[in-house]
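Q: have a look; sequence and predicted model below, questions after that.
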Amino acid sequence: MCIFCEIIKGNIPNYTVYEDDKCLAFLDISQATIGHTLVVPKQHFENIFELDEDTAKHIFNVVRIVANKISKSLNVKDINILNNNGKLAYQSVNHFHIHIIPRYENDQFNIHFSENKLSNEELVELLDKIKRA
C-alpha cells in the first residue's frame, strides 16, 4: 500500500494546499518547518527515473506555484526544494514527491553537504562519462 496513493484517493485525510487533475500538494504532517508542503503526482511513479516528461514539467510548475503561495502567505524569502530518490537518498515513501520547506532565521532544519575534491582531470573524466550516457 502506498500512503500517498491512499491520500490521493481520499482514503487518508490531508491538508490540501493545491490540487489539479495531475497532482496534489498537501502539508507534510511532520512539518520540518512551518509550511512544509509535499507535491505529488496523482499517478504513481516510484521515483524521478519513472516520471514521464509531461508529468515532470507539470509537477515542477506546480512546485513553483505552491512555493510562491507559501512565500507570500508566510512571508518567507528562502525555501528549500528537495527530492529524495531511493534508500541511500533517504526516500521514505516510494511515490515520487517534492518537499517545499520554508526557511526561517534560527530554524532547526539542516542540510549538510560533504565535499569530494576532484582534480581537473577527474572532473573532465566525470563530465565525459555523464555526457556519454
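A: Structure's in. What do you need?
Q: strands of this protein, residue ranges please.
A: Assigned by DSSP state E, the strands in the chain fall at 16-19, 23-27, 37-41, 78-82, 98-103.
Q: winner for burial among the ones you listed?
A: strand 37-41 (a mean of 23; mean count of other Cβ atoms under 10 Å). (Glycine included, C-beta is placed from N, CA and C.)
Q: pairing partners for it, with directions?
A: Strand 37-41 pairs in its sheet with strand 23-27 (antiparallel), strand 98-103 (antiparallel), by DSSP bridges.
Q: make TSV out of the strands of the chain and add distance to S119 and mean pLDDT.
A: TSV is the format used below for the strands of the chain (distance: least, Cβ to Cβ, whole Å; pLDDT from 0 to 100):
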stretch	distance to S119	mean pLDDT
strand 16-19	45	98
strand 23-27	42	98
strand 37-41	38	98
strand 78-82	30	97
strand 98-103	34	98
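Q: E50: which of those strands is closest?
A: With Cβ to Cβ as the criterion, E50 lies closest to strand 37-41 of those, at 9.8 Å.
Q: show me what contacts the residue positioned nearest the centre of the chain?
A: In the chain, the residue lying closest to the centroid (Cα atoms, centre = their mean) is I98, at 1.5 Å. By Cβ atoms under 8 Å, 6 or more residues apart in numbering, the residues touching I98 are L38, V39, V40, I59, F60, V63, I81, L82, N83.
Q: who does the third one form a beta bridge with?
A: When you say that, I think you mean V40. Under the criterion used (DSSP bridges), V40 bridges to L24.
Q: next, count neighbours for H44.
A: As a burial measure, H44 scores 14 neighbours (other Cβ atoms under 10 Å).
Q: pretty sure it is touching H97, no?
A: No: counting by Cβ atoms under 8 Å, H44 stays clear of H97, with 11.0 Å between them.
Q: name the residues contacting each of the two.
A: Taking Cβ under 8 Å, 6+ apart as the criterion, H44 and H97 both touch F4.
Q: re earlier: JSON lines for the contacts of I98, including distance to I8?
A: Output for the contacts of I98, formatted as JSON lines (distance: Cβ to Cβ, whole Å):
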{"residue": "L38", "distance to I8": "11"}
{"residue": "V39", "distance to I8": "12"}
{"residue": "V40", "distance to I8": "7"}
{"residue": "I59", "distance to I8": "13"}
{"residue": "F60", "distance to I8": "19"}
{"residue": "V63", "distance to I8": "17"}
{"residue": "I81", "distance to I8": "21"}
{"residue": "L82", "distance to I8": "20"}
{"residue": "N83", "distance to I8": "18"}
